[in-house]
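J.: my questions concern the predicted model and sequence given below.
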Amino acid sequence: MDSEAVKEFFERVSGDWDDMRSSFYNADIIDALAERTQLGEVSTVADVGTGTGFVAAGLAGRAAAVIGVDNAPAMLAVARQSLDALGADNVTLIEGEIDALPLPDDSVDAAVANMVLHHAPDPAAMIAEMARVVRPGGRIAVTDEMAHEYEWMRTEQADLWLGFSPEQVADHFARSRLQEYGYASLGMQ
């Protein structure tokens with residue numbers, strides 16, 4: 001499977017994705033991302049691989065602005081409908097690649113990615129891009145990168161990677177321009 005196949009998968013399941021993802025995580029992930037990035041009312045945050053906008057919607061009430069980036073137009077269409085229904089008018093959605101973010105250098109206070117790293121053609125490049133767009137002193141947070149042996153996720157969830165070991169994650173972060181990085185298990189479903 002390649003990145004184009006991943007995009008085609010998300011185009012196909014966009015209308016069902018919110019139901020599908022609910023079996024993997026709940027709204028607690030939004031609290032964890034906001035806490036890890038120290039999001040505040042004046043913050044601008046990039047939601048990388050925003051999908052149907054679940055995380056963007058949750059962060060909209062905690063930040064001044066949220067920029068959701070995804071390469072699947074159908075996912076962005078679902079996100080726009082959901083965000084409009086919630087009145088989340090501080091969320092901008094942009095079509096773009098997760099490893100070549102269409103944002104200027106140092107343009108956001110934080111960047112988050114939930115259930116995305118295992119879809120990245122080059123996970124280190126995705127993290128480096130997140131680091132590139134974050135202002136000095138800003139933070140990034142990536143969830144759901146734990147290594148697993150669920151081979152079925154390659155076909156049923158379009159995973160390119162079956163997660164990563166803590167050492168691989170550390171290597172991905174070390175290759176970015178981040179000055180400090182850490183790894184923490186949040187103990188969530």
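T.: Looks like it arrived, so ask away.

J.: longest strand anywhere in this protein?
T.: Taking DSSP state E as the assignment, the strand of the chain that covers the most residues is strand 134-142.

J.: can I get the CA coordinates of that strand in CSV?
T.: Extracted in CSV, the C-alpha atoms of strand 134-142 (Å, rounded to 0.1, in the frame of the first residue of the first chain):
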residue,chain,number,x,y,z
VAL,A,134,5.7,25.4,15.0
ARG,A,135,7.1,28.6,16.4
PRO,A,136,10.2,28.5,18.6
GLY,A,137,9.1,27.4,22.0
GLY,A,138,6.0,25.7,20.6
ARG,A,139,5.1,22.0,21.0
ILE,A,140,4.0,19.1,18.9
ALA,A,141,2.1,16.0,20.1
VAL,A,142,1.5,12.8,18.2
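
J.: strand partners (parallel or antiparallel) of that strand?
T.: strand 108-113 (parallel) (DSSP bridges).

J.: ok, back up a step: so for the longest strand of the chain, what gets flagged as buried?
T.: Buried residues in strand 134-142, counted by 16 or more other Cβ atoms under 10 Å: 134, 138-142. Where C-beta positions appear, they are placed from N, C-alpha and C, glycine not excepted.

J.: nearest residue to the residue most central in space within the chain other than its sequence neighbours?
T.: Centroid-nearest residue in the chain, with Cα atoms, centre = their mean: A113, separated by 2.0 Å. Closest residue to A113 in three dimensions, ignoring its sequence neighbours and counting by Cβ to Cβ, 6 or more residues apart in numbering: V48, at 4.2 Å.

J.: can you give me the strands for this structure?
T.: So, for the chain - with DSSP E - the strands run 44-48, 65-70, 91-95, 108-113, 134-142.

J.: among these, which gets the worst mean confidence?
T.: Mean pLDDT per stretch puts strand 134-142 lowest among the strands of the chain, at a mean of 92.

J.: now that one against strand 44-48, angle please.
T.: 40 degrees (axes from the mean of the first three to the mean of the last three Cα atoms, to 10 degrees).

J.: hmm, who's touching strand 134-142?
T.: 32-33, 36-38, 46, 106-113, 116-117, 127, 130-131, 169, 178 (Cβ atoms under 8 Å, 6 or more residues apart in numbering).

J.: from the residues you listed, list the buried ones, please.
T.: For the contacts of strand 134-142, buried by 16+ other Cβ under 10 Å: 32-33, 36-37, 46, 107-113, 116-117, 127, 130-131, 169, 178.

J.: what residues sit buried inside stretch 27-46?
T.: Of the residues in stretch 27-46, those buried (16+ other Cβ under 10 Å) are 29-30, 32-34, 36-37, 39, 43-46.
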